[in-house]
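>>> Sequence and predicted structure are below.
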Amino acid sequence: MALRYDRTGFKDIVICQDPDEFCYGTDAVILAHEASRSAMALRKDCAIADLGTGTGIVPLILSQKTAAGRIMGIEVQERSFRLAERNGEENGLSGRVSFVMGNVRDVSPGYGGEFDIVTSNPPYTAGGEGIESGNDAKAIARHEILGTLDDFLKAAAFMLKDKGEFYMIHRPGRIVDICAGCRKYGLEPKEMTFISGKPGEKPNLLLIKCVKNGGRDLRVLAPFAVRNDDGSFSERMLKCYEI
């Protein structure tokens, strides 16, 4: 692995990644930021889980943006899992941030109803669709090879406490599957934000917040542009990076 260390911009947190496999992007930063805004994230007894954590970027960011005393990431790929463990240790977070190697399909019987917040940035492309990368790590990260959208939603619902919150970033094209799957598992959609590269562009990401066993009341929030027309980060994106 051709490893490299990158500064995240969140205090002194650095992340070790393999650019030949899969490196985190702005979607992970947005996801972590939105989850950190939960009132529950202000509590030291808050427990957060990240499904499909990769090399651990979302837990690493959440360790700096929340007061949560327990943050756990689950990752199915061994190489990414080992790097996530390494990232937790090298950033001095081992007592607070932990990682588990496993498939989201296999979270039962452990972790039932243990978490206040669950986050996920799962593979976006449904199984059998799109062009899979020749790189196995990238293919698994991008395509539903080892876990479907349904698997991630089922796991999130199982792991959450009653009235716990679920945050996920996905593709707008899967909106019907997302809403149907969330309600199927008692994750009631409460807020939805469409994210685009620049103002006025077609959205390419969808951020959704759900509440386990919440009431039916969905709000579509103002659209989110990652960059300004000149290519610089938008004010809202800068807030995600705390700049």
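Perfect, I can see it now.

>>> distance of the nearest residue to F233 once chain neighbours are set aside from K198?
What sits nearest to F233 in space, not counting adjacent residues and going by C-beta to C-beta, 6 or more residues apart in numbering, is R227, at 5.9 Å. To be clear about C-beta, it is placed using only N, CA and C from the backbone, and glycine gets the same treatment. Computed as C-beta to C-beta, to the nearest Å, the R227 to K198 distance reads 5 Å.

>>> Which one's more surrounded, the two?
R227 (16 against 13; other C-beta atoms under 10 Å).

>>> Just give me how far the longest helix seen in the chain sits from the chain centre.
If you go by DSSP state H, the chain has its longest helix at helix 78-90. Here helix 78-90 is found 17 Å from its chain centre; the criterion is C-alpha atoms, centre = their mean, to the nearest Å.

>>> which helices and strands sit right next to that helix?
strand 14-17, helix 57-65, strand 70-75, strand 97-101 (3 or more C-beta pairs under 8 Å, 6 or more residues apart in numbering; DSSP states H and E).

>>> and after the helix-or-strand element of the chain with minimal mean pLDDT, which helix or strand comes next?
Of all helical and strand segments in the chain, the minimum by mean pLDDT, DSSP states H and E falls on helix 136-142, at a mean of 47. Per DSSP states H and E, helix 136-142 leads on to helix 149-159 as the next helix or strand towards the C-terminus.

>>> Buried ones in that next one, by neighbour count?
Within helix 149-159, the residues scored as buried using 16 or more other C-beta atoms under 10 Å are L149, D151, F152, L153, K154, A155, A156, A157, F158, M159.

>>> State the distance from M237 to A225.
M237 is 8 Å from A225, by C-beta to C-beta.

>>> D116 now?
In terms of C-beta to C-beta, D116 sits 30 Å off from A225.

>>> repeat for G197
Distance from G197 to A225, by C-beta to C-beta: 7 Å.

>>> same deal with R105?
From R105 to A225 the distance is 35 Å (C-beta to C-beta).

>>> Test my guess that G113 contacts K163.
No. Taking contacts as C-beta atoms under 8 Å, G113 lies outside contact range of K163: 11.1 Å.
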